[in-house]
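> Based on what follows, work out the 3D shape:
(one chain, ligands or ions: 1)
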Amino acid sequence: MNMPTTPPELAEPHIRGWMAAVGLDAEYVRASGNLLYLADAAGREAEVIDFAGGFGSLVLGHNHPELVAHARDLLEAGVPIHAQFSRSQTANRAAALLSEIIQRETGSKERHLTVFANSGAEAVEVAIKHAELDRVNRLAALEVDIDSRLRAAGELVRGGAPVDNTSGYPLPVEDHDRPAGAGPGLLERAIRDHNAAAMARPPVLLALEGAFHGKLVGSLQITHNPGFRQPFAALGRPARFVPVNQPEHLVKAFEQERVSLLAPVDAGGVVRIVEREFSLVTALVLEPIQGEGGIVPLQTDFARAAREVCTRYGIPLVIDEIQSGMGRTGRFLASSELGIQGDYYVLAKALGGGIAKAAATVVRESRYRPEFEYLHSSTFARDGLSTAIALRVLEILERDGGAAYRRAREAGGHLREMLLGLQAEFPDVVREVRGRALMLGLEFQDQSSSRSAVIREYAGSGFFGYAAAGHLLQHHRIRVFPTASATTTLRFEPSIYLTGGQIDSLRVALRSVCARLRDHDEDLFPPLPPM
Ligand code: F0G
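Predicted coordinates for the structure are as follows:
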């Protein structure tokens with residue numbers, strides 16, 4: 001077969017065309033640390049400083065030398081990569097180290113167990129499935145308990161015991177004169193019917209407005225952006241979204257999403273009918289700092305209220321640390337800074353060290369369901385290469401008394417200071433700087449009343465941040481992206497090896513953009529391309 005020298009573009013070519021029109025198109029040929037190298041028109045390599053950091057997966061930068069050498073050694077040694085259903089010391093050691101780190105950081109006395117996955121969205125779905133298994137098992141146990149009580153109470157009632165209905169539901173009076181062997185009486189049937197209707201109510205996942213947890217069919221249901229979610233809404237069960245940083249709405253959601261089951265108890269010869277509350281909430285899922293939603297940190301009060309309400313109802317709190325975790329915010333977990341412990345943690349992105357695809361759902365031992373292991377599996381998850389890389393990433397982060405976390409705090413502190421300086425200089429252009437350490441966002445002021453027609457057009461289009469990013473790449477060789485669900489916010493997530501010089505290059509570039517926005521510069525952006 002004759003292959004043309006340049007094959008046709010068949011790998012999602014359409015979005016690339018659009019990216020090219022806003023100046024975001026580039027082909028990178030090499031990467032190292034915080035740098036990417038693109039081939040320019042003349043075939044020369046040009047250096048680009050990468051603040052996008054692989055959407056947050058490059059806490060340790062591109063092609064970390066130790067990780068690259070480790071991967072090479074593993075491949076050369078012929079370690080088994082796909083030996084599913086066998087014992088893996090690497091996976092075990094990575095899981096044990098994860099448990100140790102989480103225990104140290106949260107002060108938890110409990111061990112944590114890990115289920116490995118391949119991507120963030122998949123690990124989120126592992127968490128959702130595990131939580132739902134937990135819910136249906138708790139419900140089944142309650143059903144068994146009520147059933148045995150109903151049988152016992154039936155005997156008592158038949159024997160003439162009085163009934164004291166303390167529930168808020170009207171119930172029929174038992175027909176004591178039923179012939180023997182007639183089956184359940186009116187009261188028992190009414191209770192069973194009530195409980196069957198309550199138990200048939202569907203479960204509810206709680207998530208936050210602005211949340212991003214992935215784009216697969218399951219995780220998409222708890223990703224808030226309607227643009228991403230709505231076209232596929234009919235494939236899943238709708239989640240309930242509550243506003244960020246408003247604890248009263250969260251508490252109200254828990255109060256509303258519950259049912260009362262009726263159960264008889266033997267109160268010294270009297271059959272007392274009581275209510276047993278059962279929460280319909282499968283899990284509350286949250287990001288400690290919302291990433292895609294625009295770098296929005298949760299407030300401590302809100303995070304604590306979330307922890308408390310989950311504990312009160314016995315519902316797992318799933319903390320999605322896919323973007324915020326792995327040291328980016330100056331600690332292993334961003335949530336530990338908020339002083340809260342999750343029942344589950346979800347990790348991905350930087351767990352693979354920028355060279356492997358690795359994700360993990362980590363569950364507190366007392367909430368772990370061993371039977372989950374028989375129900376969930378994946379061909380690629382927990383493979384020999386990704387778990388070995390993940391283990392080494394964790395070791396690098398923990399090395400030298402947590403030097404990596406300190407680096408993240410220091411470099412992030414300088415970056416934040418620079419961004420705050422810009423805001424002070426251009427308050428009319430920069431609305432806010434948010435985030436912590438190496439997870440920072442800069443939100444532009446609304447530019448829809450700019451005197452420049454093209455800036456105005458972008459401001460109203462939802463693509464303003466992409467145009468700013470395109471300009472930064474084309475004119476300043478800086479790579480940065482807006483957050484996809486809040487596109488006037490640029491997100492900065494470089495590696496811990498960020499240098500003062502790189503921060504300075506970013507400052508110069510952003511200053512120029514700010515000044516030109518302030519000047520209503522008609523030539524700042526190319527014309528808005530059609531979608
Ligand atoms: N959870 C969070 C907090 C994320 O930021 C992401 C991905 C996911 C889950 C899904 O992970 O892509 O590996 O399936 N965020 C990307 C981003 C898309 O742009 O930050 P995934």
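> so who does the residue in the stretch 101-250 of the chain that the ligand sits nearest to touch?
When distances are taken as CB to the nearest ligand atom, the stretch 101-250 of the chain reaches nearest to the ligand at G120, 2.1 Å away. To be clear about C-beta, it is placed using only N, CA and C from the backbone, and glycine gets the same treatment. G120 sits next to 213-214, 322, 346, 348-349, 359 when contact means CB atoms under 8 Å, 6 or more residues apart in numbering.
> what phi and what psi does the backbone show at it?
phi -60, psi -50 (degrees, to the nearest 10).
> could you pull out the strands for the stretch 101-250 of the chain?
112-117, 163-165, 204-208, 240-242 (DSSP state E, counting those that start in this stretch).
> Mean neighbour count and distance to the ligand added to these, as TSV?
Output for the strands of the stretch 101-250 of the chain, formatted as TSV (neighbours: other CB atoms under 10 Å; distance: least, CB to the nearest ligand atom, whole Å):
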stretch	mean neighbour count	distance to the ligand
strand 112-117	24	9
strand 163-165	16	47
strand 204-208	25	11
strand 240-242	19	15
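> which of the contacts of G120 are close to the ligand?
With respect to the ligand, and counting by CB under 6 Å from any ligand atom, the subset of these in contact is 213-214, 322, 348.
> Please tabulate these in a markdown table, including the columns neighbour count and pLDDT.
Formatted as a markdown table, the ones next to the ligand among the contacts of G120 follow (neighbours: other CB atoms under 10 Å; pLDDT from 0 to 100):
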| residue | neighbour count | pLDDT |
| --- | --- | --- |
| H213 | 31 | 98 |
| G214 | 25 | 98 |
| I322 | 29 | 98 |
| A348 | 28 | 98 |
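> Make JSON lines out of those and add distance to G500.
Output for the ones next to the ligand among the contacts of G120, formatted as JSON lines (distance: CB to CB, whole Å):
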{"residue": "H213", "distance to G500": "35"}
{"residue": "G214", "distance to G500": "35"}
{"residue": "I322", "distance to G500": "29"}
{"residue": "A348", "distance to G500": "30"}
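> Pick out the most distant pair among those residues.
H213 and A348 (10.8 Å; CB to CB).
> does the residue lying closest to I191 once chain neighbours are set aside have beta-bridge partners, and which?
Excluding the flanking residues, the one nearest I191 by CB to CB, 6 or more residues apart in numbering is L262, at 4.8 Å. Beta bridges link L262 to E275, judged by DSSP bridges.
> Please verify my assumption that L262 contacts E277.
No. Using CB atoms under 8 Å, L262 makes no contact with E277, being 11.1 Å away.
> higher neighbour count, these two?
Between L262 and E277, counted using other CB atoms under 10 Å, the more crowded position is L262 (23 against 10).
> elements contacting the helix or strand R272 falls within?
Assigned by DSSP states H and E, R272 belongs to strand 270-279. Packing partners of strand 270-279 (3 or more CB pairs under 8 Å, 6 or more residues apart in numbering; DSSP states H and E): helix 120-158, strand 163-165, helix 186-199, strand 258-267.
> got JSON lines for the ones you listed, with distance to A91 too?
Formatted as JSON lines, the helices and strands packed on strand 270-279 follow (distance: least, CB to CB, whole Å):
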{"stretch": "helix 120-158", "distance to A91": "14"}
{"stretch": "strand 163-165", "distance to A91": "54"}
{"stretch": "helix 186-199", "distance to A91": "37"}
{"stretch": "strand 258-267", "distance to A91": "38"}
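> right, so of the ones you listed, which gets closest to L438?
Here helix 120-158 is closest among the helices and strands packed on strand 270-279 (CB to CB), at 17.8 Å.
> That closest one relative to strand 112-117, how many degrees between them?
Counting by axes from the mean of the first three to the mean of the last three CA atoms, to 10 degrees, helix 120-158 lies at 120 degrees to strand 112-117.
> before we move on, back to that, mean pLDDT lowest where, among the strands of the stretch 101-250 of the chain?
Ranked by mean pLDDT, the strands of the stretch 101-250 of the chain end with strand 163-165 at the bottom, a mean of 94.
> Strand partners (parallel or antiparallel) of it?
In the sheet, strand 163-165 lines up with strand 270-279 (parallel) (DSSP bridges).
> next SSE after the strand it pairs with?
Per DSSP H and E, the helix or strand that comes after strand 270-279 is strand 281-286.
> partners of that next one in the sheet?
strand 204-208 (parallel), strand 317-320 (parallel).
> any chance of these in a markdown table, with distance to Q230 too?
As requested, these are arranged in a markdown table below (distance: least, CB to CB, whole Å):
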| stretch | distance to Q230 |
| --- | --- |
| strand 204-208 | 15 |
| strand 317-320 | 21 |
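> need the contact list for the residue lying closest to F212 once chain neighbours are set aside.
Among residues not flanking F212 along the chain, E292 sits closest, at 3.4 Å (CB to CB, 6+ apart). E292 makes contact with 212, 223, 225, 323, 483-486, according to CB under 8 Å, 6+ apart.
> Can you select the buried ones among the residues you listed for me in PyMOL?
Remark: buried members of the contacts of E292, expressed as a PyMOL selection using 16 or more other CB atoms under 10 Å:
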select buried, resi 212+223+225+323+483+484+485+486
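> Relative to the ligand, how far out is the residue nearest the centre of the chain?
For the chain, D320 is the residue whose C-alpha lies nearest the centre (CA atoms, centre = their mean; 3.5 Å). To the ligand, D320 is 5 Å away according to CB to the nearest ligand atom, to the nearest Å.
> What residues does the protein have near the ligand?
55-56, 119-121, 124, 212-214, 287, 291-292, 320, 322-323, 348, 484.
> for the residue nearest to I191, what are its contacts?
L262 touches 146, 167, 169, 171, 191, 194-195, 273-276, counting by CB under 8 Å, 6+ apart.
> swap in V285?
Applying CB under 8 Å, 6+ apart, the residues near V285 are 124, 127-128, 205-207, 211, 213, 222, 318, 320.
> how distant is stretch 86-104 from the center of its chain?
21 Å (CA atoms, centre = their mean, to the nearest Å).
> what's the model's confidence in that stretch, averaged?
On average, stretch 86-104 scores 97.
> so how far is stretch 68-87 from its chain's centroid?
29 Å.
> Same question for stretch 355-375.
Taking mean C-alpha positions (CA atoms, centre = their mean), stretch 355-375 and its chain are 15 Å apart.
> now the residue nearest to F380 when sequence neighbours are not counted: how far from S86?
Nearest residue to F380, sequence neighbours excluded (CB to CB, 6+ apart): N118, at 5.2 Å. Distance from N118 to S86, counting by CB to CB, to the nearest Å: 18 Å.
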